[in-house]
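> Give me a 3D structure for the following:
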Amino acid sequence: MHIELDAEKLEEVASKLRAVAHPMRVAIIAMLDKNKQMNVTEIYKTLKIEQATASHHLNILKSKGVLRSRRDGKQTFYSIKQDSIIRIVDCVSRCETSN
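You can find the predicted model right below:
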């Protein structure tokens, strides 16, 4: 069996994985999976972090194509762009190391 590897596609996947490789970003993705859509205020208050910190993580996830945003007046709402990222995060969260 021969598998053709597309370097551009592999880099895109690796870029998304790097974007979610942070505990706070995993928490944001999990919250958005549960709530479908949240605004910045709901996100930073739920996570008990500063607004600037939440915005930083949200911008990284959005720039890598993990999240989408929608403006409604002064508020910005975030949601997950691709369900595949949920399966990846879920898979990683189930991984345990044996001691």
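> can you give me the helices in this structure?
With DSSP state H applied, the chain shows helices at 7-20, 23-35, 40-47, 51-63, 84-94, listed in chain order.
> For residue 75, which of the ones you listed is the nearest?
helix 40-47 (7.3 Å; C-beta to C-beta). Just so you know, the C-beta spots here come from the backbone N, C-alpha and C atoms, and that holds for glycine as well.
> Tell me which residues touch the spatially most central residue of the chain, please.
The geometric centre of the chain, computed from its C-alpha atoms, lies nearest to residue 29 (C-alpha atoms, centre = their mean), at 4.4 Å. Residues near residue 29 by C-beta atoms under 8 Å, 6 or more residues apart in numbering: 20, 61, 66, 80, 85-86, 89.
> how about a cut-off of 10 Å?
Residues near residue 29 by C-beta atoms under 10 Å, 6 or more residues apart in numbering: 19-20, 57, 61, 66-67, 80, 85-86, 88-90.
> can I get the helices of the chain in JSON lines with mean pLDDT and distance to residue 75?
As requested, the helices of the chain are exported to JSON lines (pLDDT from 0 to 100; distance: least, C-beta to C-beta, whole Å):
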{"stretch": "helix 7-20", "mean pLDDT": "82", "distance to residue 75": "23"}
{"stretch": "helix 23-35", "mean pLDDT": "92", "distance to residue 75": "15"}
{"stretch": "helix 40-47", "mean pLDDT": "96", "distance to residue 75": "7"}
{"stretch": "helix 51-63", "mean pLDDT": "95", "distance to residue 75": "12"}
{"stretch": "helix 84-94", "mean pLDDT": "68", "distance to residue 75": "23"}
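> Perfect, I'm done here.
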